[in-house]
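[1] take a look and give me a structure for this.
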Amino acid sequence: MMADYLLFASERYALPILQPLADALQVAGHTAHAWLVDGAAGAALPAPVRMVGLHEAVALRPRAVFSAANWVPTFVSGAKVQLFHGFNVEKREDARGHFRVRGLFDLYCTQGPATTAPFRKLAARAGHFAVVETGWPKLDPLFRDDGGESARLRAPAAGREVVLFASTFTERLSAAPLLFDAIAAEIARGDRYWLLTLHPKCAPALVERYRALAGPNAAFVETEQLVAAQRAADVLLADTTSVVSEFAVQRKPVLTFRNRAPKPHMLDFEQAAQLPAMLARAFAPDAARPAELARYADAIHPYRDGRSSERVIAATDALLRGELGALQRKPLAAIFRAWQIRHELGYWRP
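    Here you go, the predicted model:
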């Protein structure tokens, strides 16, 4: 039976999370609509996804709302499904970060065992949401045909090794200001090809400095191209961004600069002057590194079939059919948060 579904995001970086799910909904014969607010406002998902505003979203009465934000408008009908906007990279304490439950969602679609186990414990205690491990829609294109986008990004390398640089916008954790000169020197040398990307929330002046490095030895990659860039690159250079986890799922070497919680699969370093030597190590990993990468990848995202979006849809169907058990009422704190959302969006109808 064909149905309407709503895709919701509050930041531009959520679009690559929602796009594979939109594609899967279309293939299944459903209609996908997208409502983008705040930092995502003005962006769009390509047709046949239909872009809607607040009142259209309410009038749709969608079967489910898929959110790639940490909140969702509760006044829109349908099951509220949390997709997550990144992996848990331990930027914050659990109570404030990845495992914070605000009482807004009916279903959490988790990425892998490392996320599933904590959320199932929370669900058993709270009783007002279900948890299904599905994998993450954003990573579907890593493991299936991406229409040649990754090949196009890699083509200018002309056989050279490819390094992807990505950085968080969190100022105290960002490598982008500290590594700029070292990266610029590597690009000028030209023995490797670089793909450069920064979080959309990074300071515009910093983004422009990195854009200016584009040329025969480097290209700047927009947020919407990030997954293709990860597929195209051989090694990642990053900090405490969740791109580290996304890239590691491919079991490719990860080089991190002052990571907040370095793990055995990472090559972490402290000084910008170490970059050339650390790159050499990343491209010639020791025997233990591949095993550590595989262990970490299986813990956070064991799915390599490119079908996490289909599993999200199936889990949502199971929820709506009552197969995931009866859910308890949302807590009182959720009512206050729902009121805040109405206030922020300016919607006061029943």
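
[2] so where do the strands sit in the chain?
    Under the criterion DSSP state E, the chain contains strands at 4-9, 31-36, 50-51, 64-67, 79-82, 107-110, 130-133, 162-167, 193-198, 218-220, 235-238, 254-257, 266-269.

[3] pull the residues that contact the fifth one.
    What that stands for is strand 79-82. Here strand 79-82 makes contact (CB atoms under 8 Å, 6 or more residues apart in numbering) with 63-67, 72, 74, 104-109, 312, 315-316, 319-320. From N, CA and C alone the C-beta is placed, and that goes for glycine too.

[4] these, buried ones only, as a ChimeraX selection?
    The following ChimeraX line selects those of these that are buried, judged by 16 or more other CB atoms under 10 Å:
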select :63,64,65,66,67,72,74,104,105,106,107,108,109,312,315,316,319,320
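
[5] list the contacts of residue 162.
    Residue 162 touches 154, 192, 193, 194, 195, 232, 233, 234, 235, counting by CB under 8 Å, 6+ apart.

[6] swap in 6 Å and give it another go.
    Residues in contact with residue 162 (CB atoms under 6 Å, 6 or more residues apart in numbering) are 154, 193, 233, 234.

[7] how about residue 319?
    79, 107, 130.

[8] how about residue 118?
    With CB under 6 Å, 6+ apart, residue 118 has these contacts: residue 99.

[9] repeat for the one 10 residues further on
    The contact partners of residue 128, by CB under 6 Å, 6+ apart, come to 327, 328, 330.

[10] again, 7 Å this time
    Counting by CB atoms under 7 Å, 6 or more residues apart in numbering, residue 128 makes contact with 103, 327, 328, 329, 330, 331.

[11] where in this protein is pLDDT low?
    Where the chain drops to pLDDT under 70, the residues are 1, 89-98, 350.

[12] domain-wise, how is this protein divided?
    4-141+305-345, 146-300 (automatic domain parsing).

[13] tell me the gap between the first one and the middle of its chain.
    This means domain 4-141+305-345. 13 Å (CA atoms, centre = their mean, to the nearest Å).

[14] got it, and the shortest one?
    For domain 146-300, the distance from its own C-alpha centre to the chain's C-alpha centre is 16 Å (CA atoms, centre = their mean).

[15] that domain spans what distance, first to last residue?
    Distance between the two ends of domain 146-300: 22 Å, counting by CA to CA, to the nearest Å.

[16] now residue 286: how far from residue 292?
    Distance, residue 286 to residue 292, by CB to CB, to the nearest Å: 10 Å.

[17] contact partners for the closest residue to residue 29 other than its chain neighbours?
    The shortest distance from residue 29 to any residue other than its chain neighbours is 5.2 Å, reached at residue 2 (CB to CB, 6 or more residues apart in numbering). Applying CB under 7 Å, 6+ apart to residue 2 gives the contacts 29, 30, 31.

[18] quick check: the gap between the last one and residue 37.
    Between residue 31 and residue 37 the computed distance is 20 Å (CB to CB).

[19] could you check how far residue 60 is from residue 35?
    9 Å.

[20] between those two, what contacts are shared?
    6, 52.

[21] circling back: most neighbours, which of the contacts of residue 162?
    The most crowded member of these, judged by other CB atoms under 10 Å, is residue 233 (27 neighbours).

[22] which non-adjacent residue is nearest that residue?
    residue 164 (3.6 Å).

[23] repeat that for residue 243.
    With sequence-adjacent residues excluded and distances taken as CB to CB, 6+ apart, residue 243 is closest to residue 166, at 4.1 Å.

[24] need the max-distance pair from the contacts of residue 128.
    Considering CB to CB, no two members of these lie farther apart than 327 and 331, which are separated by 12.0 Å.

[25] go ahead and confirm residue 269 touches residue 257.
    Yes - with contact defined as CB atoms under 7 Å, residue 269 counts as touching residue 257 (6.2 Å).

[26] more neighbours: those two, which one.
    Neighbour count, other CB under 10 Å: between residue 269 and residue 257, residue 257 has more, with 25 against 19.

[27] give me the phi and psi for the residue nearest to that one when sequence neighbours are not counted.
    Among residues not flanking residue 257 along the chain, residue 175 sits closest, at 4.0 Å (CB to CB, 6+ apart). Main-chain dihedrals, residue 175, degrees, to the nearest 10: phi -90, psi -20.

[28] residue 175 reaches residue 167, doesn't it?
    Yes - with contact defined as CB under 7 Å, residue 175 counts as touching residue 167 (5.2 Å).

[29] I'd like the distance between the residue nearest to residue 29 and residue 26.
    With distances taken as CB to CB, residue 2 is found 11 Å from residue 26.

[30] likewise residue 307?
    15 Å.

[31] of the two, who's got more company?
    Neighbours were counted for residue 307 and for residue 26 using other CB under 10 Å; residue 307 has more, 18 against 13.

[32] who's in contact with the more buried one?
    Going by CB under 7 Å, 6+ apart, the list of residues near residue 307 reads residue 140.

[33] at 8 Å what do you get?
    Taking CB under 8 Å, 6+ apart as the test, what residue 307 contacts is 135, 140.

[34] quick check: it vs residue 21, distance?
    11 Å.

[35] now residue 300
    According to CB to CB, residue 300 stands 19 Å off from residue 21.

[36] tally of neighbours for the closest residue to residue 190 other than its chain neighbours?
    Distances taken as CB to CB, 6+ apart place residue 217 nearest to residue 190, at 4.6 Å, with adjacent residues excluded. Here the count is done by other CB under 10 Å, and residue 217 has 18 residues near it.
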